[in-house]
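>>> My questions concern the predicted model and sequence given below.
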Amino acid sequence: MAQKRFQAPRGTRDLLPEDLVLIRHLERTAHRLAASYHYLEIRPPLFEETRLFQRSLGESSDVVEKEMFTVPRRGRSQDPGEAFTFRPEGTAGVARAYVEGGFAARAPLQKWYYLGPMFRYERPQKGRERQFSQFGVEVFGAAGAAMDAEVILLCLRFFQALGFGEQLEVRLNTMGDPEDRDRWREALKAYFEPLLDGRCADCRERFQRNVFRLLDCKVAACQEAIAAAPKLRPLLGAESGRHFEEVLAGLQALGAKVVEDPGIVRGLDYYTRTVFEVHYPPLGARSALCGGGRYDGLVAEMGGPPTPGVGFAIGLTPTELALKELDLPPKADLADLKDALKPQIYCVALGEEDRAETLALTTELRDAGLTGIELDARGKSFKAQLKEAGKRGVHWACLLGSEERASSTVVVKDMQEGGQEAVPRAEISAWFFQRQAAASTGAALP
RNA sequence: GUGGGUAUAGCUCAGUUGGUUAGAGCACCAGAUUGUGGUUCUGGGGGUCGGGGGUUCGAGUCCCCUUACCCACCCCA
């Protein structure tokens, strides 16, 4: 490049019309499913006070420590907590909205979902971007295991609706209540401390930052030590132990494939009790499609009354990649969105003197409520207009010349079948309505 | 933050042991006699070979630096 050209910032990408076929299908699947479970949409701002994330995700979490997109506030101190940060995840903002809106007092049970962009300043790689979208769900005010199961099932159904098959599985674990967790953390620290010399560099680092994550190390030499590490289950309080069993039983009763996985340790501080991921093993290394769990202390942490919560977040990009890899969803599911990329009707002017009338015809069809109506925008010749229509895959071309004007008709040419017929000018909209309705085009509108 | 890979037209790529005005396919634009597309044919626009420095009579082709992107690790959606 001779001149340095502009380019999309690292870790971002342009979602072009073609890309949006699949993405919009993901989005509408999310909306439909949420409606079916009666979760209502919420749209918090894309940025929040930095301290909100520091508080909820935990100061020592990777996200807060090195992945936040933060902008200083004008005229404020340099204190980082005073700044704004583009949301790195959805739960904190939604929980803040719950507290700020006073829902705990007036309508404590709220089932919400959101769909939109998140931002993390990290090194991009396949399926990981600095701006990415998530579909997430948060339920406040329901403490019972039944709600954990409902949320997890909803997550599962989302992937099933997209065509993922039998191999979908839920990996379930519990982090216990805060007291359980504290006891476990101490036990792990005490256990690993004398063994640190034999651990990999990453594990020594994890020991300092977050012992729990040491349990998920893949290095062979660490595996044995991990296998013998203290387990949470014996330390679990009676209540949280029973809760875990109930979630497990509840999911199994609904026919979900669930495996217990002690390696599931979420990186954010706010999780309590249930933590889970949804995996699709055929995807290999990137089989994790969704992560979530219970966060009973979060609302209180934010200054609201003690209120239980549970939710999940699904990354749309990994899902998108997985769908492409698996050649899903079924083509028929995308047909309407794909069709919408092509004009349905292309109005063609025979000569220069026919352009005004062609524009009038185009406008009439558009005003009538038909979709996908186009005409030449570049002063092309008659032949070139037809060529253009053919190239763009239009269904019908409306030909308008002196003969048609004289007889008040329009020649409608079927660009796919090849035939053509003269339709009275006055009946043209109705003529198309009959056929478009039959083809049920326009269903792709948002 | 760590490690590795790549960088030639809008896209996918050729460019021989360094040597005349850097090529192809696709895409794009315009034509092939007066009112009809998708095939075919002809012509056309478009790259100073990511950027900078060096070696050389001469570098897209060798060396160094740099930037961007990609992949993996960490972590995560």
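That came through, no problem.

>>> now what about the least confident helix or strand in chain A by mean pLDDT, what contacts it?
Least confident helix or strand, chain A: helix A:220-227 with a mean of 82, by mean pLDDT, DSSP states H and E. Outside helix A:220-227, the residues that touch it by C-beta atoms under 8 Å, 6 or more residues apart in numbering are A:192, A:195, A:198, A:199, A:200, A:203, A:214, A:215, A:217. Quick note: C-beta positions are derived from backbone N, CA and C, even for glycine.

>>> Show the buried residues in these.
A:192, A:195, A:199, A:203, A:214, A:215, A:217 (16 or more other C-beta atoms under 10 Å).

>>> Next up, the contacts around the second one.
To tie it back to what came earlier, the one meant is residue A:195. Taking C-beta under 8 Å, 6+ apart as the test, what residue A:195 contacts is residue A:225.

>>> what does stretch A:42-51 rub up against?
Stretch A:42-51 is contacted by residues A:68, A:70-71, A:80-87, A:90, A:92-94, A:96-97, A:112-114, A:116-117, A:119 when judged by C-beta under 8 Å, 6+ apart.

>>> Run a quick neighbour tally on the residue lying closest to residue A:82 once chain neighbours are set aside.
Leaving aside its sequence neighbours, residue A:82 sits nearest to residue A:76 (C-beta to C-beta, 6 or more residues apart in numbering; 4.5 Å). Counted with other C-beta atoms under 10 Å, residues neighbouring residue A:76 total 11.

>>> I figured residue A:96 was touching residue A:304, is that so?
No. In this structure, residue A:96 is not within contact of residue A:304 by C-beta atoms under 8 Å, at 9.1 Å.

>>> now the strands for the stretch 151-300 of chain A?
Ranges of strands in the stretch 151-300 of chain A, per DSSP state E, counting those that start in this stretch, are A:169-174, A:258-260, A:272-279, A:288-294.

>>> Please list the residues outside the helix or strand in which residue A:118 is found that contact it.
Assessed by DSSP states H and E, residue A:118 sits inside strand A:110-119. With contacts defined as C-beta under 8 Å, 6+ apart, strand A:110-119 is touched by A:27, A:30-31, A:34, A:37-44, A:46, A:69, A:86-90, A:94, A:98, A:103, A:130-141.

>>> which of residue A:96 and residue A:304 has more neighbours?
Just comparing residue A:96 and residue A:304: by other C-beta under 10 Å the higher neighbour count belongs to residue A:96, 23 against 20.

>>> Please name the residues that touch the more buried one.
Neighbouring residues of residue A:96 by C-beta under 8 Å, 6+ apart: A:44, A:48, A:52, A:302.

>>> Assign a three-state SS to the closest residue to the first one other than its chain neighbours, would you?
It refers to residue A:44. Of all residues not flanking residue A:44 in the chain, residue A:93 sits nearest, at 3.8 Å (C-beta to C-beta, 6+ apart). Three-state call for residue A:93 (DSSP: H, G, I helix; E, B strand; the rest coil): helix.

>>> Pick out the residue of the stretch 151-300 of chain A closest to RNA strand B.
Going by C-beta to the nearest atom of the strand, RNA strand B is nearest to residue A:267 of the stretch 151-300 of chain A, at 1.5 Å.

>>> Verify the contact between that residue and residue A:63 for me.
Yes. Between residue A:267 and residue A:63 there is a contact under C-beta under 8 Å: 7.3 Å.

>>> out of these two, which sits in the more crowded spot?
residue A:63 (19 against 16).

>>> Now do the same for the more buried one: its pLDDT.
With respect to pLDDT, residue A:63 has a value of 91.

>>> hmm, back to that, among the contacts of helix A:220-227, which lie within helices?
Judged by DSSP state H, the contacts of helix A:220-227 include A:192, A:203 as members of helices.
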